[in-house]
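# the sequence and its predicted three-dimensional model are supplied below.
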Amino acid sequence: MDDDAVFTLTAEESAQTRSVADGLTGIPARKVDEPTWVDACRTASTALPRRLRVRLREFRRDPGQYGALLIRNLPGAADRPTPNEPGSVERDATVGAAVISLVSMQLGEVIAYRNEKSGALVQNVVPVPGQETQQSNAGSAPLEMHVENAFHPRRPDYVGLMCVRADHERVAGLQLACVRRAVHVLPDEIRAVLAEARFTTQAPPSFGRPDDAAPLHAVLTGEPTDPDVQVDFHATYGHDTDAKNALELLRDAVVSIAETLLLTPGDLAIVDNRVTLHGRTLFTPRYDGLDRWLYRTFVHLDHRRSRPMRELDGHVLA
């Protein structure tokens with residue numbers, strides 16, 4: 001990634017961020033999902049270092065050609081063994097959970113989905129025994145490039161992925177590919193097919209929607225030269241020969257421009273989920289308490305649009 005897509009806190013800025021996060025760890029009942037904690041986090045986010053807040057506002061205005069921002073030197077490294085149970089989440093207001101929430105709140109509102117990770121606002125991305133080959137955050141096999149929750153009508157606008165602990169061999173890579181760069185290598189006729197409602201994306205079983213109920217959608221929408229993208233190469237299918245071919249060519253283009261980031265503790269990747277796909281390279285977990293561990297958040301820019309899906313104006317979409 002270019003230097004423009006990387007933001008490194010100074011030692012003083014990192015200490016300031018730690019101080020703000022420490023203040024949130026002491027708020028009763030010290031639970032990330034409590035409405036009072038979320039409200040306090042929103043307010044506290046304005047006390048983050050000014051230079052960081054300015055850069056986040058710039059990214060919100062224009063995510064650039066990478067559609068992602070890598071923030072480095074944040075506090076919040078692991079202070080206990082990596083969890084490995086299915087559906088692992090971070091309910092307690094740890095320093096790391098506070099940090100990723102603070103940064104996320106400077107972009108929009110943190111949200112979650114009731115059918116995913118039990119609706120937790122801060123989720124653990126960790127390998128789970130027996131799920132190595134799954135195309136999910138619990139796997140350790142290569143993860144296909146995708147936008148988060150591509151099947152959902154209210155997908156996250158941003159995904160935050162913060163490294164709490166790196167994998168043993170330091171080979172687990174976060175792969176990123178921005179459609180802004182990929183689309184220009186595609187012929188006009190292929191882009192035209194991708195802009196038509198000739199595709200469906202299967203929801204995971206946890207969301208309880210039969211495959212035949214998935215609506216047809218376009219993969220590329222909006223301005224043709226700067227489109228949004230809706231695709232998961234593991235779960236999106238073309239409904240005719242031309243659509244299937246166009247999807248395969250898009251996948252080739254995405255793979256050709258993908259970049260791999262080896263995150264280290266204190267790194268937070270903010271991914272613009274409207275224009276950038278992400279995936280993961282292969283790694284080998286040991287299940288010894290020192291495996292790769294990321295925190296994950298989802299962010300909506302326009303909280304009002306999902307109001308019919310949120311009970312009591314909360315942050316979890318039903």
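That came through, no problem.

# so D39: helix, strand or coil?
helix (DSSP: H, G, I helix; E, B strand; the rest coil).

# hmm, I typed the wrong one, I wanted V193.
Classified using three-state DSSP, V193 is helix.

# the closest residue in space to it that isn't next to it in sequence: helix or strand, and which one exactly?
With sequence-adjacent residues excluded and distances taken as Cβ to Cβ, 6 or more residues apart in numbering, V193 is closest to A246, at 4.1 Å. All C-beta atoms are positioned from the backbone trio N, CA, C, and that covers glycine. Using DSSP states H and E, A246 falls within helix 241-257.

# buried sites along that helix?
Neighbour-count burial for helix 241-257, counted by 16 or more other Cβ atoms under 10 Å, picks out A243, A246, L247, L249, L250, R251, A253, V254, I257.

# looking at those residues, which is nearest P215?
Nearest to P215, judged by Cβ to Cβ, of the buried residues of helix 241-257 is A243 at 14.6 Å.

# let me know the pLDDT of the closest one.
With respect to pLDDT, A243 scores 98.

# also P210?
Looking at P210, its pLDDT stands at 55.

# tell me the bridge partners for the nearest residue to G119 once chain neighbours are set aside.
In this structure, G119 finds its nearest non-sequential neighbour in V316, 4.1 Å apart by Cβ to Cβ, 6+ apart. For V316, the beta-bridge partners are A112 (DSSP bridges).

# tell me who's in contact with the closest residue in space to T10 that isn't next to it in sequence.
If the residues on either side of it in the chain are set aside, T10 comes closest to N73, at 7.6 Å by Cβ to Cβ, 6+ apart. Applying Cβ atoms under 8 Å, 6 or more residues apart in numbering, we find N73 in contact with T8, L9, T10, A11, E13, S14, G266.

# rerun at 7 Å
Residues in contact with N73 (Cβ atoms under 7 Å, 6 or more residues apart in numbering) are T8, L9, S14, G266.

# can you check P75 too?
Residues near P75 by Cβ under 7 Å, 6+ apart: S14, T17, R18, A21, V95, V99, G266.

# can you flag the buried ones in those residues?
Buried among the contacts of P75 by 16+ other Cβ under 10 Å: S14, T17, R18, A21, V95, V99, G266.

# can you flag which of these belong to helices?
Mapping these onto helices (DSSP state H) picks out S14, T17, R18, A21, V95, V99.

# and those as CSV, adding pLDDT and distance to L186?
Shown next, in CSV, are these (pLDDT from 0 to 100; distance: Cβ to Cβ, whole Å):
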residue, pLDDT, distance to L186
S14, 98, 41
T17, 98, 40
R18, 98, 45
A21, 97, 43
V95, 97, 44
V99, 98, 38
